[in-house]
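Student: Give the three-dimensional model of this entry:
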Amino acid sequence: MFICSPFRGAEEKNVELARKYARFAYEKGCLPVVPHLYFPQFLKESDVQERMAGIQFGLSLLKECREVWVFGEIMSEGMCMEIAEADHAGIPIRYFTKQNGEFVERSSL
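Tutor: Numbering: from 1, shown residues only. Down below sits the predicted model:
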């Protein structure tokens, strides 16, 4: 499963949340693909060219996934690109929110 969630901005907080989303996918028996936990390890988010390379790498990984799981109430620019790519490729998109401490699926945004 491709995990789509915010990264830019509150990066420390968003990394922690992405880890929780990956754990959730793992607990559902899925292999979580979370590019924004991997690529910032060696690409500079502050460098526009490197940031775009990371986004493109992530979109390449997205095309290999069976589903995209979207987390968060606010869609970042990168998330919108990922959702558009999944939609274009015909990859199912599922949206999740947190209610009463648990992740639950919602029908859409």
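Student: Not counting stretch 21-32 itself, show me its contacts.
Tutor: 1, 3, 5, 34, 37, 69, 71, 96, 103 (CB atoms under 8 Å, 6 or more residues apart in numbering). Yep, even glycine has a C-beta here, placed from its N, CA and C like the rest.
Student: Give the buried subset of those as a PyMOL selection command.
Tutor: In PyMOL, this line selects whichever of the contacts of stretch 21-32 come out buried by 16 or more other CB atoms under 10 Å:
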select buried, resi 1+3+5+34+37+69+71+96+103
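Student: among the contacts of stretch 21-32, which are in strands?
Tutor: 3, 69, 71, 96, 103 (DSSP state E).
Student: Can I take it that residue 83 is in a strand?
Tutor: No - according to DSSP: H, G, I helix; E, B strand; the rest coil, residue 83 belongs to no strand; its state is helix.
Student: Residue 61 belongs to a strand?
Tutor: No - read with three-state DSSP, residue 61 is helix and lies in no strand.
Student: Is it in contact with residue 37, as I believe?
Tutor: No - the pair residue 61 and residue 37 fails to qualify as a contact (CB atoms under 8 Å) at a distance of 11.8 Å.
Student: any idea of the mean pLDDT in the longest helix seen in the chain?
Tutor: Counting residues, the longest helix found in the chain (DSSP state H) is helix 11-27. Helix 11-27 shows a mean pLDDT of 94.
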